[in-house]
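>>> model this:
(4 chains)
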There are 4 protein chains.
Amino acid sequence: MAINVVIAGPRGKMGSEAVKMVENETNFRLVACIDHKNNGRTLDTIFPDVERSIPIYDDATKCFENHKDADVLIELSVPQAGYKHTKSALEHHVRPVVGTTGFTEVQLKELDEFAQRNNMGCMIIPNFALGAVLMMKFAKMAATYFPDVDIIEKHHDQKLDAPSGTAIKTAELISENRKAKTQGHPKEEETIPGARGADLDGIKLHSVRLPGLVAHQEVIFGSPGQTLTIKHDSMDRSSFMDGVKLCVNKVMEVKGLIYGLDTIL
Amino acid sequence: MAINVVIAGPRGKMGSEAVKMVENETNFRLVACIDHKNNGRTLDTIFPDVERSIPIYDDATKCFENHKDADVLIELSVPQAGYKHTKSALEHHVRPVVGTTGFTEVQLKELDEFAQRNNMGCMIIPNFALGAVLMMKFAKMAATYFPDVDIIEKHHDQKLDAPSGTAIKTAELISENRKAKTQGHPKEEETIPGARGADLDGIKLHSVRLPGLVAHQEVIFGSPGQTLTIKHDSMDRSSFMDGVKLCVNKVMEVKGLIYGLDTIL
Amino acid sequence: MAINVVIAGPRGKMGSEAVKMVENETNFRLVACIDHKNNGRTLDTIFPDVERSIPIYDDATKCFENHKDADVLIELSVPQAGYKHTKSALEHHVRPVVGTTGFTEVQLKELDEFAQRNNMGCMIIPNFALGAVLMMKFAKMAATYFPDVDIIEKHHDQKLDAPSGTAIKTAELISENRKAKTQGHPKEEETIPGARGADLDGIKLHSVRLPGLVAHQEVIFGSPGQTLTIKHDSMDRSSFMDGVKLCVNKVMEVKGLIYGLDTIL
Amino acid sequence: MAINVVIAGPRGKMGSEAVKMVENETNFRLVACIDHKNNGRTLDTIFPDVERSIPIYDDATKCFENHKDADVLIELSVPQAGYKHTKSALEHHVRPVVGTTGFTEVQLKELDEFAQRNNMGCMIIPNFALGAVLMMKFAKMAATYFPDVDIIEKHHDQKLDAPSGTAIKTAELISENRKAKTQGHPKEEETIPGARGADLDGIKLHSVRLPGLVAHQEVIFGSPGQTLTIKHDSMDRSSFMDGVKLCVNKVMEVKGLIYGLDTIL
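Modelled structure (predicted):
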């Protein structure tokens, strides 16, 4: 039987991808949208590709009252609205899959308790990039056996920060799984400063920035006679939808709050 | 405290690497070797790099009787001798780490029961290539989330079989973890036969053979907007020693027979 | 001084990228467009991003008569119109850079003679992908020194033909520059048919098709102890614009007909 | 007809590879060796793999007098002896292919004039790594069209200097062929110092050091919508022999001094 889905934030970058994904997935059925604009209109008047008339509400409570068959809320609106939508979903027995951020510890605890009490799943997922999360998981696992590792991340040349957040996160996860160590030859010398990259707990991070690149990372483990590389290439935002899809299915099975994609892989 | 090691087959390709590895590892101590040749000689007369006088025996039983402090046997001789050495090791309370193949089901069962009864570990490891085994493990895990996958393996041009055994094994493991499916466009057409590679349960395998290559494999998973790649590059036989090292440490902790490196990762 | 440009086919996939490119390039100035629709309108009514009022003509002759300052025609319309536009451009002393195909030998000869006589450049470029053309050029050069080569091309799984046209073209160029040879071990055997890929003059071609891929090719040369790899990754149609830009500059300097991007690199 | 070869320095790392190469090449015939040790012995007493009795001389002049059929000297001994061997070869009408370094400007001029006068070729080649030299040549060519470039070089973790000499040389060659430019976003920021690598004329160089790596470099060019990558992987010293082979053939055809492999590709 299909899972009935409500999407909050259908006009955003992630939200519009989610609309496409849910419409294309045979097991999912889009029943309504929550949008602070466009109350009372239908989705086909905004997205020409959508064929069915799906109602839009600016009020989450009203939405859930009118759609008692809703199973899952995909919450991709803005932080200010995220908590309210999530809370309202749970109260109407709709399981939230939440991509918005900015929840406080107190809110998370409250959502968890409410979900537990009502025997429902609730997922808060700061990063839906399934491929990137798997890369990090595998990298952490590999570090147990191969403690020597360099990370190369490559992005378009409009990116401001180096290293990328994902590279830093990956290095931190690896750090949890290996003994602290200094890599390279003890007498190693940079004849031009920066050659050996950024250092995070002894792990070397290298940031390539070029036009034509999108978002790429490779984690290279070396040991005598061999290297093991975990590589993720992300082309566009559609790559997040595999993660959203996975969560919509998963939230139907779990109880209580789940935080982060890595915990369910 | 150091682990006292006996090596069977010290002159073979794997065996001579193992001698080097054990000698270099501060936690391991080589106490004797088993070799059907050179009985009564010492290892330094064969390997100039070995500095200490390590005795060589052609008889496993005599070896273990003379070295009651032996903890682990690294068995890398030939199939005909492998079982005998392994059995003898267990009888003298020396834990076997076995790279030789050709054990029968009956022998495996017997070794397991003996090891269990005596509260000892015994490991039979057909493939010590830790990096390759991790690659396969990660590939199997990734297949749960990304069912579309091609495998490219690259070897030197003296290799006779294509695809490689590792590529086939990887595809079989992936197959266990994904629903059967046909990849590519249904109307896909090879204008030159073979372009799309070998097909194993719908997974495409591509074999590159060139001088200058050693042994390489990449497993590429694709899903909308992203790819995830697991890649292993093996340069020489020294790459097996990380696996041997891991097993020597592990066999001290486990009870009963362990078959295959993947089961302990 | 800026080069004044006319674009034919501004609404097409390539044409609309060309409009963007010319508008962003400080040395180029878009003066008019040729389009069988929209005669008399201005470009800003079609492309909201275009700020200046650039006139649109359905008739090439009228366009060139009204814009005597035009230097270059970028012809990206359809084969039926391509020849007519190109001829008219030359007659009005506007140098054509032509991406449309379908010119006959007779037409090419005529255009060349006309251009020569009038001391003008004229470029017909079936493939503007500068990176891909460079990859092919380097591959052909490398083949002189490294005759052993495999080609791996990777595309999205909606592509129908395998191997790709670029892979076939690359193999043909390599073939011109190496003696015919059989690669791999003479006793090599495919245990699953297709593993060693498609064979073109002894060169092996491997086609990977996966969701998440766009258009990628690597040409791998092997010789004892080393490999040399030329790799091109194309993300979207914007990658053609470097080639168009190069040609617009080049056509101002050359005399007579130039066919193909490779001839000017 | 075979080319008769004399090798100076047959016991060195490069020299012993050269002996193997010449013996395996059907067009080459090894006629003598020059070695400051082993005068009067034959090569088969030193290298068990060599089957024929090839005489060894400690004096170059005596060697060339006894072997008037010698065509080419492969000089791979030490800097102190290199000039003397080379001079003597030219005087006996034997064409030198020289891998030793340390020649002065005056010596180079003298060798050139002597070779010109006698209508002979003479090659001094500081780097026989054909694949690396091609990589640099292609990188320099590509820089004309794609000015944005990062270089990643990867070496074993016993290497002391970073970036590698080849990476620096590559960046310098690229610099000759592109206008000076700053890459990346003007407001780019390293949150961990070194992330963006070493900077050489605006080109970013990244040095990876890991056990299991040998010697690898990739030069990545980026432009909107595409990247072009030139990659060289070197596994061992045998990779230099393609360059030596090429030079032995080439030195028979040229007149005067040739310096560097790049000048003949």
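>>> Sketch out the low-pLDDT regions of the stretch 1-150 of chain A for me.
Regions of the stretch 1-150 of chain A meeting the criterion pLDDT under 70 are absent.
>>> If we use 90, what do you get?
Low-confidence segments of the stretch 1-150 of chain A, defined by pLDDT under 90: A:1, A:46-52, A:79-80, A:100-102.
>>> Pull up the residues of it that are close to chain D.
Taking Cβ under 8 Å from any Cβ of the partner chain as the criterion, the stretch 1-150 of chain A approaches chain D at residues A:148-150. For the C-beta atoms, the positions are set from N, CA and C on the backbone; glycine is no exception.
>>> give me that answer again for 6 Å
Within the stretch 1-150 of chain A, the positions adjacent to chain D are A:148, A:150 by Cβ under 6 Å from any Cβ of the partner chain.
>>> Quick one: the helices in the stretch 1-150 of chain A, in order.
Read by DSSP state H, counting those that start in this stretch, the stretch 1-150 of chain A holds these helices, from start to end of the chain: A:13-24, A:60-66, A:79-91, A:105-117, A:130-143.
>>> again, but for the stretch 151-265 of chain A
Secondary structure of the stretch 151-265 of chain A (DSSP H, counting those that start in this stretch): helices located at A:165-176, A:241-251.
>>> Out of the helices of the stretch 1-150 of chain A, which one sits most buried?
Compared across those, helix A:130-143 shows the largest average neighbour count, a mean of 24 (mean count of other Cβ atoms under 10 Å in any protein chain shown).
>>> hmm, back to that, among the helices of the stretch 1-150 of chain A, which comes closest to chain C?
The closest of those to chain C is helix A:130-143. By Cβ to the nearest Cβ, the value is 8.4 Å.
>>> For the closest one, which outside residues touch it?
Residues lying outside helix A:130-143 but in contact with it, judged by Cβ atoms under 6 Å, 6 or more residues apart in numbering or on different chains, are A:166, A:170, A:173-174, A:177-178, A:219, A:221, A:228, A:230, A:232, A:242-243, A:261-262, A:265, B:134, B:138, B:142, B:145, B:226, B:228.
>>> Report the buried members of those residues.
When these are checked for burial by 16 or more other Cβ atoms under 10 Å in any protein chain shown, the buried set is A:166, A:170, A:173-174, A:178, A:219, A:221, A:228, A:230, A:232, A:242-243, A:261, A:265, B:134, B:138, B:142, B:145, B:226, B:228.
>>> any idea how far A:A32 is from the nearest residue to A:K68 once chain neighbours are set aside?
Spatial nearest neighbour of A:K68, chain neighbours left out: A:H92 (7.6 Å); criterion: Cβ to Cβ, 6 or more residues apart in numbering or on different chains. Here A:H92 is placed at a distance of 12 Å from A:A32 (Cβ to Cβ, to the nearest Å).
>>> Those two: which is more packed in?
More neighbours surround A:A32 than the other of A:H92 and A:A32, with 26 against 17 (other Cβ atoms under 10 Å in any protein chain shown).
>>> Quick one: residues contacting the more buried one.
For A:A32, the contact set (Cβ under 6 Å, 6+ apart) comprises A:6, A:55, A:63, A:67.
>>> Whichever of those end up buried, select them in ChimeraX.
Only the buried members of these enter the following ChimeraX selection, criterion being 16+ other Cβ under 10 Å:
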select /A:6,63,67
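>>> out of the contacts of A:A32, who's nearest chain C?
The shortest approach to chain C among the contacts of A:A32 belongs to A:V6, at 27.1 Å (Cβ to the nearest Cβ).
>>> from the contacts of A:A32, which two are the most distant?
Using Cβ to Cβ, these reach their maximum pairwise distance at A:V6 and A:P55, which is 10.1 Å.
>>> Run a quick check on the residue nearest to A:K68 versus A:F64, I expect a contact.
Yes. A:H92 is in contact with A:F64 according to Cβ atoms under 6 Å; the separation is 3.7 Å.
>>> what about the closest residue to A:D262 other than its chain neighbours, distance to A:E253?
Beyond its immediate neighbours in the sequence, the residue positioned closest to A:D262 (Cβ to Cβ, 6+ apart) is A:V133, lying 5.2 Å away. Using Cβ to Cβ, A:V133 is found at 19 Å from A:E253.
>>> again with A:G225
Taken as Cβ to Cβ, the spacing of A:G225 relative to A:E253 amounts to 43 Å.
>>> Those two: who's more crowded?
For A:G225 and A:E253, the more surrounded residue by other Cβ under 10 Å is A:G225, and the numbers stand at 21 against 9.
>>> so what's that one up against?
Residues counted as contacts of A:G225 (Cβ under 6 Å, 6+ apart) are B:235-236, B:238-239, D:212.
>>> between those, which is closest to A:N127?
For those, with A:N127 as the reference and Cβ to Cβ as the criterion, the closest is D:G212, at 30.2 Å.
>>> What is the burial count for the residue nearest to the closest one when sequence neighbours are not counted?
Excluding its sequence neighbours, the residue lying closest to D:G212 (Cβ to Cβ, 6+ apart) is A:G222, at 3.8 Å. Using other Cβ under 10 Å as the criterion, A:G222 is surrounded by 26 other residues.
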